[in-house]
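> Predicted model, plus sequence, below.
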Protein chains: 2
Amino acid sequence: MIRKKKSIHTIARDLGVSATTISFIINGKAKENRISSELIKKVEDHLGHINYKPDIIAQSLRTGKSNLIGMLMEDISDAFFSSIARGVEMGLENSGYKLLFISTKNKTADASLILDLLKEHKVDAFIIAPSPGLEQEISELIESGKPVVLYDRYFKTLNTCNIMIDNRGGAYMGTMELFNNDYREVAFVTLRSDQVQMADRLLGYKDALAQAGQSKTILLEIPYNLDIHQTSLQIRNFFKKNKTMEAVLFATNYLAIAGLQALKDLGWVVGSDIGIVGFDDNAHFSLFSPSVTAVAQPVGEISRAIVQNIREALTAERICEPRTIVLPAQLIRRESSVKPLV
Amino acid sequence: MIRKKKSIHTIARDLGVSATTISFIINGKAKENRISSELIKKVEDHLGHINYKPDIIAQSLRTGKSNLIGMLMEDISDAFFSSIARGVEMGLENSGYKLLFISTKNKTADASLILDLLKEHKVDAFIIAPSPGLEQEISELIESGKPVVLYDRYFKTLNTCNIMIDNRGGAYMGTMELFNNDYREVAFVTLRSDQVQMADRLLGYKDALAQAGQSKTILLEIPYNLDIHQTSLQIRNFFKKNKTMEAVLFATNYLAIAGLQALKDLGWVVGSDIGIVGFDDNAHFSLFSPSVTAVAQPVGEISRAIVQNIREALTAERICEPRTIVLPAQLIRRESSVKPLV
DNA sequence: GTTGTTTTTTAAATCGATTTAGCTGTGGTT
DNA sequence: AACCACAGCTAAATCGATTTAAAAAACAAC
């Protein structure tokens, strides 16, 4: 039953027409090239009958389009990124485009190599959570005329299409939630990073301190790419050193997990001994005891926005319109940010 | 700085040699075609100098190879599948192959369409967690001569290369863990499914019942693709109906989450009111109170085995050797499967 | 100075589409 | 009858590689 695939030329010969005619008909250019409607019907019937599918690779070579979209993220096994990946995948269903997901581990050098590879594959568009120091590459990408959407972070120096959430507002909300529930000194555990999403979260934390009248920041900055055990250890030491601290905002999901581990190891009781808010909600947070309050990123809307911008640009055959879309973060109030009634 | 890419023919003209010569040299066929070493050097120097990279699409068209590997999973946003995806991605780094990840949602029709799309893209190999009813498609794929590896489940009727874990043994261990800790009647919450991995887990549960002398199975089979809330509701009702039950094994991560939610809603205390073991470990299970005992799947080894089999077949240019590799499951003993001392 | 052999290099076909430029044939004008 | 306009269709070039089959060059033998 495995019949060799027929090329447009073979079919043309079978039908006694030219390949040009068939190509016109396939691509909806029959009218503008004045192919008679009888011939159109004849060809279409036959194509339908033998279930002809053009060879994508040959089309790619000729047209320079691959029907592939490259999507770079920090790590496909991370819940946040894989959720967005899934959302984008769904948004692109039946679009004719397929996705090439790639994890960068936030390494600049790797990301740059990956972009080269994607360019070689003639990828039609790029969806990127950029690693630090990728300005030059991204700028060149956009100059090449291909649609590019950045998400989760971007470069202030670059005039790109960015899908962001309100990191500053989110961190502010998360911190204020703790102050509002009578925790006095609120600390912030974050990643050592110059990237905009992290910088904004720090700003939001500081906004809240100013608002609440806490004079000094209590800050722990963890280096990138540390394993979870090391991270947890650093947080534990930080907790032990800062006795006066009553609550803490974790800047990422990963840090919240490491932090909860640290607290468990210390034997501190979440809620009464220390108030907790995480950034980035998680399916499991509602099941912890106490359940964990979190600033949720609207994953569905992020992917929707990504898809919409990419599709628009792709159909209009132009680059993505430079703009920064800021989606609101949402505070999911649970038990870890409230002192229990004794 | 954006210079148009040079084709092998342009370069040939520049150098005053033929494209054939260059092609031979690029592909390491210079020796067997007796290209003189001076010429080789001259060409290689020049190629290095202008940083020539062959056009992958053109190569694809000519050779029929795309350097793409298609990987089908149930859902890229699921922790188990995304971890394996990441593992495979790492294993394939610097291999020259790129991965096309695709979620099937376990729908037969979708998966079949997806395979068609992948075939059109001339994907070189397939890594598949097959949806039910995909026997025919997979069998045709293998006949086409392309390497295919199945993982997480397979078809007994098909002579394929399968990377599995010991589902039966794992479920047995999980159930016995509960019996060994003095829980009397152990239930099993699973998915309504004929797939081999689920059938094996059920067998393992029954093995343990036989061993422990529990005469009747206490079984809840949840339909596929139910949302988490509905699932949780069904589990709650199941719990309410089966008063004599003292412990439960959940067949998947997803079910464990839904089950914990149900228990929280019921106000039952995990450990004392009911013993719990999950299938498929999770980064968060150690942080629950009580922490959740689980049968862990060796994600790293699964991806390693997948990669190894695919790479072997790819370099030898043959299909994957038919065989079923069964990796051991591991019981991660935590608090949820032990009655607390009162 | 032929002829034969071996070494080195290359012209041209091919993969399967798209697209430019142009070829027919019909009918209308003058 | 000569010319043009236009509808309807197609030959051939092209994208950028690989590969087959053969040409060209170098050398040896007689």
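Done, it's in. Residues are numbered from 1 along each chain as shown, chains lettered A, B, ... in the order given.
> Check the stretch 201-342 of chain A for the residue nearest DNA strand C and tell me.
A:Glu317 (11.7 Å; C-beta to the nearest atom of the strand). To be clear about C-beta, it is placed using only N, CA and C from the backbone, and glycine gets the same treatment.
> Check that residue and give its pLDDT.
You'll see A:Glu317 listed with a pLDDT of 90.
> What is the neighbour count of it?
For A:Glu317, the tally of surrounding residues (other C-beta atoms under 10 Å in any protein chain shown) stands at 10.
> Then A:Ala109?
Count around A:Ala109 with other C-beta under 10 Å applied: 10.
> same deal with A:Leu72?
By the criterion of other C-beta under 10 Å, A:Leu72 has 24 neighbours.
> With the one 5 residues further on instead?
For A:Ser77, the count of nearby residues is 22 (other C-beta under 10 Å).
> residues contacting it?
A:103, B:79, B:82-83, B:85-86 (C-beta atoms under 8 Å, 6 or more residues apart in numbering or on different chains).
> and it, helix, strand or coil?
Taking DSSP: H, G, I helix; E, B strand; the rest coil as the rule, one finds A:Ser77 in the coil state.
> Identify the residues contacting the nearest residue to it once chain neighbours are set aside.
Spatial nearest neighbour of A:Ser77, excluding adjacent residues (C-beta to C-beta, 6 or more residues apart in numbering or on different chains): B:Arg86 at 3.8 Å. By C-beta under 8 Å, 6+ apart, the contact list for B:Arg86 reads A:75-77, A:103, B:303.
> near DNA strand C too, which of those?
Among the contacts of B:Arg86, not one lies near DNA strand C by C-beta under 7 Å from any atom of the strand.
> Tell me which two of the residues you listed sit farthest apart.
Using C-beta to C-beta, the two most remote members of the contacts of B:Arg86 are A:Asp75 and B:Ser303, lying 14.1 Å apart.
> Of these two, which one has the most company?
B:Ser303 (23 against 18).
> give me the number of residues near A:Pro328?
Burial measure for A:Pro328: 13 neighbouring residues, criterion other C-beta under 10 Å.
> Quickly note the distance from it to chain B.
Separation of A:Pro328 from chain B (C-beta to the nearest C-beta, to the nearest Å) stands at 22 Å.
> ok, and the closest non-adjacent residue to that residue?
The shortest distance from A:Pro328 to any non-neighbouring residue, by C-beta to C-beta, 6+ apart, is to A:Asp166 (5.4 Å).
> do A:Val299 as well
A:Ser83 (4.6 Å).
> on that earlier part again, go through the contacts of A:Ser77 and name the one nearest B:Gln214.
B:Ala79 (31.1 Å).
> wait, doesn't the closest one sit right on B:Tyr254?
No - checked against C-beta atoms under 8 Å, the pair B:Ala79 and B:Tyr254 is beyond contact range at 9.4 Å.
> continuing past whichever helix or strand A:Glu301 is part of, what's the next helix or strand?
According to DSSP states H and E, A:Glu301 maps onto helix A:299-316. Using DSSP H and E, the helix or strand that follows helix A:299-316 in sequence is strand A:323-327.
> list the helices and strands that following strand packs on?
Counting contacts by 3 or more C-beta pairs under 8 Å, 6 or more residues apart in numbering or on different chains; DSSP states H and E, the secondary-structure elements packed against strand A:323-327 are strand A:161-165, helix A:299-316.
> Identify the residues contacting the helix or strand just after the first one?
Proceeding N to C from strand A:161-165, the next assigned helix or strand is helix A:167-180, under DSSP H and E. Outside helix A:167-180, the residues within contact range by C-beta under 8 Å, 6+ apart are A:186, A:188, A:196-198, A:200-205, A:207-209, A:211-212, A:214, A:247, A:249, A:251, A:275, A:277-279, A:293-295, A:297, A:328-329, A:331, A:333, A:337.
> Could I get the average pLDDT for helix A:167-180?
Mean pLDDT, helix A:167-180: 98.
> Quick check: the residue nearest to A:Val299 is in a helix.
Yes - counting by three-state DSSP, A:Ser83 is part of a helix.
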